[in-house]
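S.K.: Here's my sequence, what's the structure:
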Amino acid sequence: DALIELVGEQVRTVFKADIAYVALLDRVAGIINFPYQYGEESRPLEYGKGLTSRIIESGKPLVINQDTFRKTEELGARIRGKRAKSYLGVPIFVDGEAQGVISVQSTQREGVYKDADERLLSTIAANVGVALGNARLFNETQASLQQQTASADILRVISESPTDVQPVFDAIVRTGVKLLACRHALVFRVEDGSHFRIVADITGDGASFVARLPAPATLRPVDPAETFPSRAIVERKTVHIPDWNAITLPSVEQSVFDNLGIRSAIYLPMLRGSECLGVLAFARDRAEAFSDKQIALAESFRDQ
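M.R.: Predicted structure coming up:
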């Protein structure tokens, strides 16, 4: 963030730009964000719209030195905010893929940007791309280390409690709620094959999930029409619901939605052969799909 701010300020000064921005693409969300902007305020933009998207899609610099309005329309884009008379934008590559744009613009004069300006801005963008790649690699390494440490801690608890599963359940929900950025983590245990109950739970603030329910947790029948854990038990496969607002909720889950504010969740069956012994669940207070990496991490906890 500090680098992007510094680059933006230096670029604005060197190019004497009336408008300047650094844009970065969030491919998962399909949104272009503007962590640095000068001269006008740019709101997040849907990917596929505007000159910024064109540059990312093509992976090539774009220079418009005259008739910017007409040429922008010819490219299928639309000018938002102030109208520039000269526009220069270059792609930011991260690990060989265009992930953003640096742009400078003049609202006063046409014909401002030459080949040398394009080369200079492209060189700056290349350095930004290297820095972003290093930051991503660092974050991924940190996340991997955290996951390995968490798995080792859980294995230690398992070795220390060979006849008591409760400490293991408690360790898994504590670790999972932190590493998966969740509000709630729970372990459901199947009893007599037709009912299940919560045997471990935690919320992000350390409180109990069960304590926040309108009534004490009791044995619930396995009924896929009434509860999401039941679906995981009966279907013996992961149940992933990224947006509870987007579906009609069963009455029991509607109560959970109303009282606990859950907006997304994932339920992973704990299997031994063809038998489902229970379910490990993670839930959030925001609508958001769990990524493939997060699901893989949740599955590793489930397996332990």
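
S.K.: Could the C-alpha coordinates of stretch 257-271 be exported in CSV?
M.R.: C-alpha atoms of stretch 257-271 as CSV (Å, rounded to 0.1, in the frame of the first residue of the first chain):
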residue,chain,number,x,y,z
PHE,A,257,-29.9,-16.6,10.4
ASP,A,258,-32.1,-14.3,12.5
ASN,A,259,-30.4,-14.9,15.9
LEU,A,260,-26.7,-15.3,14.8
GLY,A,261,-26.5,-13.3,11.6
ILE,A,262,-25.0,-16.1,9.6
ARG,A,263,-24.8,-15.3,5.9
SER,A,264,-22.6,-18.1,4.5
ALA,A,265,-21.4,-21.5,5.6
ILE,A,266,-19.8,-24.7,4.7
TYR,A,267,-20.5,-28.2,6.1
LEU,A,268,-18.0,-31.0,5.8
PRO,A,269,-19.1,-34.6,6.6
MET,A,270,-16.7,-36.6,8.8
LEU,A,271,-16.7,-40.1,7.2
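
S.K.: Name the residues of that stretch that are buried.
M.R.: In terms of neighbour count (16 or more other C-beta atoms under 10 Å), stretch 257-271 has its buried residues at 260, 262-270. No exception for glycine: its C-beta is placed from N, CA and C like everyone else's.

S.K.: quick check: mean pLDDT across that stretch?
M.R.: Stretch 257-271 shows a mean pLDDT of 92.

S.K.: now it: how far from the chain's centre is it?
M.R.: 18 Å (C-alpha atoms, centre = their mean, to the nearest Å).

S.K.: Kindly report the same for stretch 159-178.
M.R.: That offset, for stretch 159-178, works out to 27 Å (C-alpha atoms, centre = their mean).

S.K.: How about stretch 157-167?
M.R.: The answer for stretch 157-167 is 33 Å, by C-alpha atoms, centre = their mean.

S.K.: contacts for that stretch?
M.R.: 168, 171, 199-200, 304 (C-beta atoms under 8 Å, 6 or more residues apart in numbering).

S.K.: Those: which two are farthest apart?
M.R.: Val199 and Gln304 (15.3 Å; C-beta to C-beta).

S.K.: downstream neighbour of the lengthiest helix in the chain in the secondary structure list?
M.R.: Longest helix of the chain, by residue count under DSSP state H: helix 115-160. Along the chain past helix 115-160, the next helix or strand (assigned with DSSP states H and E) turns out to be helix 166-179.

S.K.: Enumerate the positions of that following helix that are buried.
M.R.: 168-177, 179.

S.K.: a markdown table for these, including distance to Arg136 and pLDDT?
M.R.: Listed next are these as a markdown table, based on distance: C-beta to C-beta, whole Å; pLDDT from 0 to 100:
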| residue | distance to Arg136 | pLDDT |
| --- | --- | --- |
| Val168 | 33 | 87 |
| Phe169 | 34 | 88 |
| Asp170 | 33 | 88 |
| Ala171 | 30 | 89 |
| Ile172 | 28 | 88 |
| Val173 | 29 | 88 |
| Arg174 | 28 | 87 |
| Thr175 | 24 | 88 |
| Gly176 | 24 | 87 |
| Val177 | 24 | 87 |
| Leu179 | 18 | 87 |
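
S.K.: List just the nearest of the residues you listed to Ser194.
M.R.: Out of the buried residues of helix 166-179, the member with the shortest distance to Ser194 (by C-beta to C-beta) is Phe169, at 21.3 Å.

S.K.: Could you look up the SS state of the residue nearest to that closest one when sequence neighbours are not counted?
M.R.: Using C-beta to C-beta, 6 or more residues apart in numbering and skipping residues adjacent in sequence, the residue nearest Phe169 is Ala200, 3.5 Å away. Here Ala200 is recorded as strand under DSSP: H, G, I helix; E, B strand; the rest coil.

S.K.: then the helix or strand bottoming out on mean pLDDT in the chain to PDB, C-alphas only?
M.R.: Least confident helix or strand, the chain: helix 68-74 with a mean of 77, by mean pLDDT, DSSP states H and E. Provided in PDB are the C-alpha atoms of helix 68-74 (Å, rounded to 0.1, in the frame of the first residue of the first chain):
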ATOM      1  CA  THR A  68     -10.200  11.300 -26.600                       C
ATOM      2  CA  PHE A  69     -14.000  11.300 -26.400                       C
ATOM      3  CA  ARG A  70     -14.400   9.800 -29.900                       C
ATOM      4  CA  LYS A  71     -11.600   7.300 -29.600                       C
ATOM      5  CA  THR A  72     -12.700   6.200 -26.200                       C
ATOM      6  CA  GLU A  73     -16.200   5.500 -27.600                       C
ATOM      7  CA  GLU A  74     -14.600   3.600 -30.600                       C
END
